[in-house]
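Q: need a structure here:
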Amino acid sequence: MTIDIQAVIEKRPHLKEPLELYARWQRFHSEASALLPERKAGPADDTKAYPRAIAGQIFKLFASIFELPEEAFAQLGEAVENGEVDFMRLPLGELPTIASLTGNEEELAKVLYLFCRPFFQALHASFPLDGEEWQGGRCPLCSAQAAVATIIEGPARLLHCTFCGTSGPYRFIGCPNCGTIDTEKLSTIMSDDEPGYRVSTCDACHSYVKVFEHQTLTDIALDLADIVSLPLDIVAQSKGYARLAPNPISLKKMG
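A: Numbers count the residues shown, from 1 in each chain. This next block holds a predicted model:
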């Protein structure tokens with residue numbers, strides 16, 4: 001576990017379990033990234049999954065770190081190793097068909113998100129599109145929907161992709177998920193316990209985006225800010241609003 005996360009746990013012991021899960025992902029990210037070959041800038045024609053030569057090795061690493069039940073996930077491992085899983089479909093909410101996990105698509109989506117995220121972050125490093133506008137509220141690199149945003153001087157709003165990490169501007173007023181600019185449909189949830197964090201909700205599509213004041217990120221990484229503000233997700237979802245992209249530990253639905 002990194003010192004950074006240990007320090008956060010000491011301040012927020014009620015979040016020990018999700019933070020320890022994130023520490024596992026950090027370990028996986030570090031070890032998987034070391035296996036990935038360096039990408040060369042150019043046409044993104046090899047951007048659908050891990051290279052087949054090492055896909056099986058990365059999946060075994062993932063299964064070991066997250067202690068996946070071998071019997072339930074063996075078919076997923078085979079599909080990954082055979083290049084049958086197109087990671088670029090995952091931000092669109094499209095999952096592969098894995099017979100052993102039929103009826104458990106939510107669990108499959110969580111596992112694939114954690115597994116594929118080093119791939120997306122490597123893709124972002126090779127094809128950086130930071131600063132590009134989020135047309136239609138979707139990430140310009142991987143097409144994921146927005147779940148977190150920051151407010152910067154201007155004021156202006158930046159959306160952040162929880163798959164690949166791309167950041168880019170979106171209009172200051174309006175729901176990035178459905179595009180409504182009807183201010184009667186837009187609202188904000190704030191908590192005295194979470195200064196610097198709030199939730200922007202939309203009654204037109206019943207989704208929400210968590211918003212971090214830029215200053216709050218001087219002491220904490222965006223991933224950790226998303227996790228430590230998890231209580232705001234719970235409040236927003238208890239009021240009927242949905243998160244449309246996972247947090248760093250793969251959660252969209254809380255509880």
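Q: alpha carbons of whichever strand or helix holds V211, as CSV, please.
A: Using DSSP states H and E, V211 sits within strand 207-213. Extracted C-alpha coordinates of strand 207-213, given in CSV (Å, rounded to 0.1, in the frame of the first residue of the first chain):
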residue,chain,number,x,y,z
SER,A,207,-28.0,11.6,-13.6
TYR,A,208,-25.3,13.5,-11.6
VAL,A,209,-21.7,14.6,-11.8
LYS,A,210,-19.4,15.1,-8.8
VAL,A,211,-17.7,18.4,-8.8
PHE,A,212,-14.3,19.2,-7.1
GLU,A,213,-13.1,22.7,-6.5
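Q: what mean pLDDT does stretch 171-184 have?
A: Stretch 171-184 shows an average pLDDT of 96 in the prediction.
Q: what segments of the stretch 1-150 of the chain are helices?
A: 3-11, 16-35, 52-66, 70-81, 105-126 (DSSP state H, counting those that start in this stretch).
Q: how far out from the middle of the chain is the second one?
A: Which is helix 16-35. Here helix 16-35 is found 14 Å from its chain centre; the criterion is CA atoms, centre = their mean, to the nearest Å.
Q: and the angle for that helix with helix 52-66?
A: Relative orientation of helix 16-35 and helix 52-66, computed by axes from the mean of the first three to the mean of the last three CA atoms, to 10 degrees: 160 degrees.
Q: and if you look at the shortest one?
A: Angle between the axes of helix 3-11 and helix 52-66 is 30 degrees (criterion: the same axes, to 10 degrees).
Q: helix 3-11 packs against which elements?
A: helix 16-35, helix 222-228 (3 or more CB pairs under 8 Å, 6 or more residues apart in numbering; DSSP states H and E). C-beta: built from backbone N, CA, C; applies to glycine.
Q: most tightly surrounded among the helices of the stretch 1-150 of the chain?
A: helix 105-126 (a mean of 20; mean count of other CB atoms under 10 Å).
Q: how close does the nearest residue to K16 once chain neighbours are set aside get to E133?
A: Nearest non-adjacent residue to K16, counting by CB to CB, 6 or more residues apart in numbering: I9, 5.3 Å away. From I9 across to E133, the span is 37 Å (CB to CB, to the nearest Å).
Q: so the residue nearest in space to the middle of the chain, which of the three states?
A: Central residue of the chain (CA atoms, centre = their mean): T162, 2.8 Å from the mean position. The local conformation at T162, judged by DSSP: H, G, I helix; E, B strand; the rest coil, is coil.
Q: the one 10 residues further on now?
A: For F172, the secondary-structure state derived from three-state DSSP is coil.
Q: pretty sure the residue nearest to K16 contacts L19?
A: Yes - taking contacts as CB atoms under 8 Å, I9 lies within contact range of L19: 5.2 Å.
Q: ok, the closest residue to K253 other than its chain neighbours to E106 distance?
A: Of all residues not flanking K253 in the chain, Q237 sits nearest, at 7.0 Å (CB to CB, 6+ apart). Distance, Q237 to E106, by CB to CB: 15 Å.
Q: please apply the same query to C161.
A: To E106, C161 is 21 Å away according to CB to CB.
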